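Enquirer: After the sequence you'll find the predicted model.
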Amino acid sequence: MIKLLILLFSLQAYAHDHFPENLDKFLIGGSVTVLKDFGDKIDGLTSLERSSQIDNRSRGEFRLGGRYRLHQNLKVGLFYLNQWGHREDDDWLKVAPGVNGWLWRDVDSVHIDIIEAEVYPRFLLDFLPGERWVFEFRNTLQTKLHTGMRLWHIRPGLTYFWFKDGSPYMNISLRYGQYNRLTLKNGITEYRREVYLNFLRHITRKLKFNINFSQGKTYWGPSKDFKIDSPSETYRYVEEISQITLGLIFKI
Amino acid sequence: MKFLIPILTLIPLLSFGFQAKFVHIKGVVKLDGTLIKDKKAPISKPAPIETGKDSLAIVRIGENYTLKINENSIVDLSGILEKTPSVDLKNGSIFSYIKKEIATKQRESFRLKAKDVAMGVRGTTFFASIGKKQDVWMCVKEGVVGVKTKKQNKETLVKAGEGIVARSEGEVSKPKPLPWTKKLNWDNDPESGDLTNTVSIEEAYVDLLDFDYD
């Protein structure tokens, strides 16, 4: 009887063992951004962001690119990104064929190259009280070069500017971000959703400090190893991250 | 009848000599370089008036013209006795008020010059300011103002509720409502309270649609 119970317990543990556990974490991050204008219409941007450890891994992102102002209310942009510490669908691995046990691939030193193209209209809502409200609707197409995965990111946002002596000295922004996969994979199209609240203080014309609060959920579907091991099963892994990021922005 | 209007405009100035006075002063105000202390001091001759930081002067010329001269401004009254009274804004900003009885849409009742910009006033109330790049910003509260620059012969008519910027290169923008003008302090009655205009013309240069931080 005891041996039967032990066998049943092992099978039960194995039955749940191959599903990754959802993650819910709070992180602290830091970022440095450098901006440069090239004439009236072109802006360059470089940034580096890193967050504290989660599951013994640290995440980060490097970004380089620029934007062109097509029209007073419309900009387009092109960026190269390099991310590390970010998980993907296929990072949920079976330890070895025939061996019970599952784990996440160590992605700390796995760098993902991404190309981003964006277009966004922006409008001054001067009919609102205060007359310094700006609304933008950012549309970004992101391609992960190693997998070919394409994400379409939309991010509507509202910003208010406070002025002092004719110049802005503080902004507050509220934004919502929705990432969707453009190729249907594992039957999931939603990839991530996030809400951001950002405070930015203009210390001088060339130096700004910002605090960003974000709360987001990322969804992954079954990995290749899982589909081979359990073809009749499926899962939806949810990583819920709340983060505060402190940033410095330099204009050169 | 048409001839009466320009005559009516000039009679108060010519028949009684040059009649002007300060009706309100705040801070440092100089007339032809001399510091004025009396809030209701008479102005004996058409000369430059200068205001310092956090200063203000309200000047009444004859019965029909009132000027509110804001801080850090220089206004030259030397042209006030011309056929069409004119004032030269050398620096800073000014509110101009012309009595309705004199204002007429058919003919200029007042002229304001600022740098290379000439504004012919056919209305009653408008604001003009020289910006940091030596541009001239102007908006109209009542009436119509015609704007010309030395480089642009064509006159731009600016109606009530609209504003323009005349760039130092000579180009005049299309008249349209300018958000920052809604907060201008148009008040010129010393009895009514704070007359200080706190709107900074520098704000007009900020393009809120061009800020990107991420």
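Expert: Noted; the coordinates are in hand.
Enquirer: in chain B, which spans are helices?
Expert: Using DSSP state H, the helices found in chain B span residues B:4-14.
Enquirer: Now B:Ala41. Nearest residue, chain neighbours left out?
Expert: Among residues not flanking B:Ala41 along the chain, B:Phe22 sits closest, at 4.9 Å (C-beta to C-beta, 6 or more residues apart in numbering or on different chains). Heads up, the C-betas are built off the backbone N, CA and C, glycines and all.
Enquirer: Flag every residue of chain B that's near chain A.
Expert: Contact residues (C-beta under 8 Å from any C-beta of the partner chain) of chain B with chain A: B:179-180, B:182, B:200-203, B:205-206, B:208-214.
Enquirer: Return the closest of those with respect to chain A.
Expert: B:Glu202 (2.7 Å; C-beta to the nearest C-beta).
Enquirer: What residues does the stretch 51-200 of chain A have near chain B?
Expert: Proximity of the stretch 51-200 of chain A to chain B (C-beta under 8 Å from any C-beta) is limited to residues A:67, A:69, A:72-73, A:75, A:122-124, A:126, A:131-132, A:134, A:159, A:161, A:163, A:165-168, A:171, A:200.
Enquirer: which of these count as buried?
Expert: A:67, A:69, A:75, A:122, A:124, A:126, A:131-132, A:134, A:159, A:161, A:163, A:166, A:168, A:171, A:200 (16 or more other C-beta atoms under 10 Å in any protein chain shown).
Enquirer: tell me which of those residues is nearest to A:Arg50?
Expert: Nearest to A:Arg50 among those: A:Leu200, at 19.4 Å, using C-beta to C-beta.
Enquirer: my guess is that closest one contacts A:Phe161, does it?
Expert: No - A:Leu200 is beyond contact range of A:Phe161, at 9.4 Å (criterion: C-beta atoms under 8 Å).
Enquirer: sorry, back to before: closest to A:Asp37 among the residues of chain B next to chain A?
Expert: A:Asp37 has its nearest neighbour among the residues of chain B next to chain A in B:Asp210, at 9.1 Å by C-beta to C-beta.
Enquirer: Look up how far A:Asn171 lies from the closest one.
Expert: Using C-beta to C-beta, to the nearest Å, B:Asp210 is found at 13 Å from A:Asn171.
Enquirer: Enumerate every residue touching B:Asp131.
Expert: No Asp there; residue B:131 is Gly. For B:Gly131, the contacting residues are B:137, B:165, B:201-202, B:204-205, by C-beta atoms under 8 Å, 6 or more residues apart in numbering or on different chains.
Enquirer: Minimum distance to chain B, which residue of the stretch 151-252 of chain A gives it?
Expert: A:Gly166 (2.7 Å).
Enquirer: and the closest residue to that residue other than its chain neighbours, what does it touch?
Expert: Spatially, and ignoring its direct neighbours in sequence, A:Gly166 is nearest to B:Glu202 (2.7 Å; C-beta to C-beta, 6+ apart). Contacts for B:Glu202 were tallied using C-beta under 8 Å, 6+ apart; they are A:165-167, B:131-132.
Enquirer: roughly how far apart are B:Glu202 and B:Ala166?
Expert: 17 Å.
Enquirer: Run a quick check on B:Leu77 versus B:Gln19, I expect a contact.
Expert: No - using C-beta under 8 Å, B:Leu77 makes no contact with B:Gln19, being 11.8 Å away.
Enquirer: So the two - more neighbours on which side?
Expert: Between B:Leu77 and B:Gln19, counted using other C-beta atoms under 10 Å in any protein chain shown, B:Leu77 has the larger neighbour count: 24 against 16.
Enquirer: and the residue nearest to that one when sequence neighbours are not counted, what is it in contact with?
Expert: Excluding the flanking residues, the one nearest B:Leu77 by C-beta to C-beta, 6+ apart is B:Pro46, at 3.9 Å. With C-beta under 8 Å, 6+ apart as the criterion, the residues that contact B:Pro46 are B:18, B:20, B:77-81.
Enquirer: Listing request: residues of chain B with sub-threshold pLDDT.
Expert: Applying pLDDT under 70 to chain B flags the ranges B:1-17, B:103-107, B:179.
Enquirer: follow-up on the earlier one: need the residues touching each of B:Leu77 and B:Gln19.
Expert: Residues touching both B:Leu77 and B:Gln19 by C-beta under 8 Å, 6+ apart: B:Ile61.
Enquirer: now chain A, which segments are flagged as low pLDDT?
Expert: Where chain A drops into low confidence, which here means pLDDT under 70, it does so at A:1-16, A:55-56, A:131, A:184-188.
Enquirer: Go again with 80.
Expert: For chain A, the stretches with pLDDT under 80 are A:1-17, A:53-57, A:97-100, A:126, A:130-131, A:165-166, A:183-188.
Enquirer: What segments of it are strands?
Expert: With DSSP state E, the ranges of strands along chain A come out as A:23-38, A:42-51, A:60-71, A:74-84, A:92-96, A:99-104, A:111-124, A:133-144, A:150-164, A:167-185, A:188-202, A:207-220, A:237-251.
Enquirer: Dump the ones you listed into JSON lines; add distance to B:Leu89 as well.
Expert: Shown next, in JSON lines, are those (distance: least, C-beta to C-beta, whole Å):
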{"stretch": "strand A:23-38", "distance to B:Leu89": "32"}
{"stretch": "strand A:42-51", "distance to B:Leu89": "36"}
{"stretch": "strand A:60-71", "distance to B:Leu89": "33"}
{"stretch": "strand A:74-84", "distance to B:Leu89": "37"}
{"stretch": "strand A:92-96", "distance to B:Leu89": "72"}
{"stretch": "strand A:99-104", "distance to B:Leu89": "70"}
{"stretch": "strand A:111-124", "distance to B:Leu89": "28"}
{"stretch": "strand A:133-144", "distance to B:Leu89": "32"}
{"stretch": "strand A:150-164", "distance to B:Leu89": "24"}
{"stretch": "strand A:167-185", "distance to B:Leu89": "24"}
{"stretch": "strand A:188-202", "distance to B:Leu89": "31"}
{"stretch": "strand A:207-220", "distance to B:Leu89": "35"}
{"stretch": "strand A:237-251", "distance to B:Leu89": "33"}
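Enquirer: For A:Pro231, find the nearest of those strands.
Expert: Nearest of the strands of chain A to A:Pro231, taken as C-beta to C-beta: strand A:92-96 at 13.2 Å.
Enquirer: Note down every partner strand of the closest one and its orientation.
Expert: strand A:99-104 (antiparallel) (DSSP bridges).
Enquirer: who touches the partner strand?
Expert: Here strand A:99-104 has contacts from A:14, A:17-18, A:20, A:55, A:87, A:91-95, A:225, using C-beta under 8 Å, 6+ apart.
Enquirer: Among these, which one is most surrounded by other residues?
Expert: Counting by other C-beta under 10 Å, top hit in the contacts of strand A:99-104: A:Trp92 with 23 neighbours.
Enquirer: Without its sequence neighbours, what residue ends up closest to that one?
Expert: The nearest residue in space to A:Trp92 (C-beta to C-beta, 6+ apart) is A:Ser223, at 4.0 Å.
Enquirer: Good, we can wrap up now.
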